[in-house]
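Chemist: sequence first, predicted model second:
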Amino acid sequence: MRPIDGTPLASMLPMALWCASTVSHEGKGKSSTSADGPWITVARKGKPKFEEGDEWKLRDCDWNAPVVAFDKVPNELQKLQQDGEFKAVILCNSDQIDTLTALLRGSNRVHAVLIIVPGKEEKAERCPGAYGHRVAFKMANFTRVCTSGLTAPGPAVVVKPLPKVAEVKTVVLYAKLHQRYCTKALWDAARSQPHKCLTAWMKKRSFNVQDSWGWIEEKAPGDPFCKLFGYVRVLDSEKVAVMAASGDEFFFDPSRDASVPPMQVDWQDQAEDEDSLTYLKRCSKMKPPYGILVGHRQLGLRKQRDASTAVVRQWILQGAPKAWTHDQVVKAVDGVLQFPCLLRQRHVRGGVDYFVRGAKVGDADMIAIPFVDEHGDTNTMVEVGSCQACSK
């Protein structure tokens, strides 16, 4: 922390740790109204609101020098012996700083004073104080006025400076809970408090969850089951372990910013006589290295992919000419994708987007395909692949 004049204040208030129990509460006493008296309608007592005009004071217990009121400074200086040392923490406004500084320097007394001026100027920092018996911090500017060789007062309790805190890398994963693949008790608990439920799940498995947010519930048309979706931030060092636990009630998928090893998915069909939980339990027994993935109709086992193995994905061929037939579209991507299969099309301005399923080696998710149109001009179509392998 630095005072308003730019001089360091020797670890003035880098961080403040205060006890919440210093808040005063009225005790539970007996009612003043007799049992036979009339009913009285009362409102819930809210948190006290502190307006700018409320009186905010410094507390002696927060500083290593006494707190002295501005109008008491002349008397305190007069009481001091000629060889005495005047040390104080003084609360005043900005118009009184020059007067106080001149008074101290003209007193011919050795002094070390910390002047605190509440305000929200550029260099303002948090300062402890109180409204009555309730601790309250306010933004304030600090100025010190000291005789040469003395140090301005500071906090009453200062611990050793914390060592440099190393940055811990974290990543975001997509967290999902499917009503189809969990018990009713878990679904009800997660639907009510998803963050609390996921945090308890993580702690039970010794994972260090940093945060979770953005939870929404979704139900697709015609699907009797609902789904919960959210984001969870975990340590980068634990992301693979968390993904490996996917399918143990919660499911996890990597976000685009989460760098994970190349994976492939082996989709498992559900037997006709299997219910959803039995189906999930059977897939879990196979212990996939990177957990279980939920597809549209199937569960998939994630495992590490060989870099030379082609992966089936859904691709979007963007900007194909409207005059092209389906056979021409398949022929255009046949040299790029293995076993291309046209799924559907979408008319857009200036052309048609085609959705194609096909296999390709490598992790590239965007491919440019130049072609010559009917006018002899060279154009470029962009083929974009999804980051997730396709289920059947």
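Modeler: Okay, I see it. Numbering: from 1, shown residues only.
Chemist: use CA for all of it now, contacts and neighbours both
Modeler: OK.
Chemist: ok, and the closest non-adjacent residue to the residue of the chain most remote from its centre?
Modeler: Going by CA atoms, centre = their mean, the residue of the chain most distant from its centre is residue 82, 57.9 Å out. Leaving aside its sequence neighbours, residue 82 sits nearest to residue 109 (CA to CA, 6 or more residues apart in numbering; 6.6 Å).
Chemist: wait, that neighbour sits on residue 85?
Modeler: Yes: if you go by CA atoms under 8 Å, residue 109 and residue 85 touch, sitting 6.7 Å apart.
Chemist: compare those two and say which is more crowded by neighbours.
Modeler: residue 109 (18 against 15; other CA atoms under 10 Å).
Chemist: for that one, phi and psi?
Modeler: phi -110, psi 140 (degrees, to the nearest 10).
Chemist: need the residue closest to the centroid of this structure.
Modeler: Most central in the chain (CA atoms, centre = their mean) works out to residue 211, at 5.6 Å.
Chemist: grab the nearest non-local neighbour of it.
Modeler: Residue 211 sits nearest to residue 233 (CA to CA, 6+ apart), 5.2 Å away.
Chemist: doesn't that neighbour lie inside a strand?
Modeler: Yes: counting by DSSP: H, G, I helix; E, B strand; the rest coil, residue 233 is located in a strand.
Chemist: quick one, what contacts it?
Modeler: Going by CA atoms under 8 Å, 6 or more residues apart in numbering, residue 233 touches 170, 171, 172, 173, 209, 210, 211, 212.
Chemist: most neighbours of all these, which one?
Modeler: Highest neighbour count within the contacts of residue 233: residue 173, with 23 neighbours (other CA under 10 Å).
Chemist: which elements pack onto the helix or strand hosting that residue?
Modeler: Using DSSP states H and E, residue 173 maps to strand 170-178. Applying 3 or more CA pairs under 8 Å, 6 or more residues apart in numbering; DSSP states H and E, one finds that strand 170-178 contacts strand 227-235, strand 251-254.
Chemist: now the angle from the first one to strand 170-178?
Modeler: With axes from the mean of the first three to the mean of the last three CA atoms, to 10 degrees as the basis, strand 227-235 and strand 170-178 are set at 160 degrees to each other.
Chemist: low-confidence stretches in the stretch 201-350 of the chain?
Modeler: Within the stretch 201-350 of the chain, not a single segment meets pLDDT under 70.
Chemist: ranges for the helices of it?
Modeler: 239-244, 276-285, 326-334 (DSSP state H, counting those that start in this stretch).
Chemist: for the last one, name the packing helices and strands.
Modeler: If contacts are counted by 3+ CA pairs under 8 Å, 6+ apart, helix 326-334 sits against strand 338-348.
Chemist: now the strand it packs on: buried residues?
Modeler: Counting neighbours by 16 or more other CA atoms under 10 Å, one finds that the buried residues in strand 338-348 are 338, 340, 341, 342.
Chemist: just stretch 126-133 next, same as before
Modeler: For stretch 126-133, by 16+ other CA under 10 Å, it's 126, 127, 128, 129, 130.
Chemist: what is the nearest of these to residue 197?
Modeler: Taking CA to CA as the measure, residue 197 lies nearest residue 126 of the buried residues of stretch 126-133, at 35.5 Å.
Chemist: okay, and the closest one sits in which element?
Modeler: Going by DSSP H and E, residue 126 is part of strand 125-131.
Chemist: CA atoms only for that strand, dumped as CSV, please.
Modeler: C-alpha atoms of strand 125-131 as CSV (Å, rounded to 0.1, in the frame of the first residue of the first chain):
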residue,chain,number,x,y,z
GLU,A,125,-7.5,1.5,-0.7
ARG,A,126,-9.7,-0.4,1.7
CYS,A,127,-9.5,0.8,5.3
PRO,A,128,-11.1,-0.9,8.4
GLY,A,129,-13.5,1.0,10.6
ALA,A,130,-16.9,0.6,12.1
TYR,A,131,-20.5,1.8,12.1
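Chemist: quick check, residue 95 in a helix?
Modeler: Yes: counting by three-state DSSP, residue 95 is part of a helix.
Chemist: how deep is it tucked in, by neighbour count?
Modeler: 9.
Chemist: ranges for the strands of the stretch 251-392 of the chain?
Modeler: In the stretch 251-392 of the chain, the segments counted as strands under DSSP state E, counting those that start in this stretch are 251-254, 263-268, 292-294, 299-304, 311-320, 338-348, 351-360, 366-372, 378-389.
Chemist: could you dump those to TSV with distance to residue 68?
Modeler: What follows is the strands of the stretch 251-392 of the chain, written out as TSV (distance: least, CA to CA, whole Å):
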stretch	distance to residue 68
strand 251-254	59
strand 263-268	69
strand 292-294	67
strand 299-304	69
strand 311-320	74
strand 338-348	75
strand 351-360	77
strand 366-372	70
strand 378-389	67
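Chemist: against residue 265, how distant is the closest residue to residue 314 other than its chain neighbours?
Modeler: Using CA to CA, 6+ apart and skipping residues adjacent in sequence, the residue nearest residue 314 is residue 357, 4.5 Å away. Applying CA to CA, to the nearest Å, the value for residue 357 to residue 265 is 15 Å.
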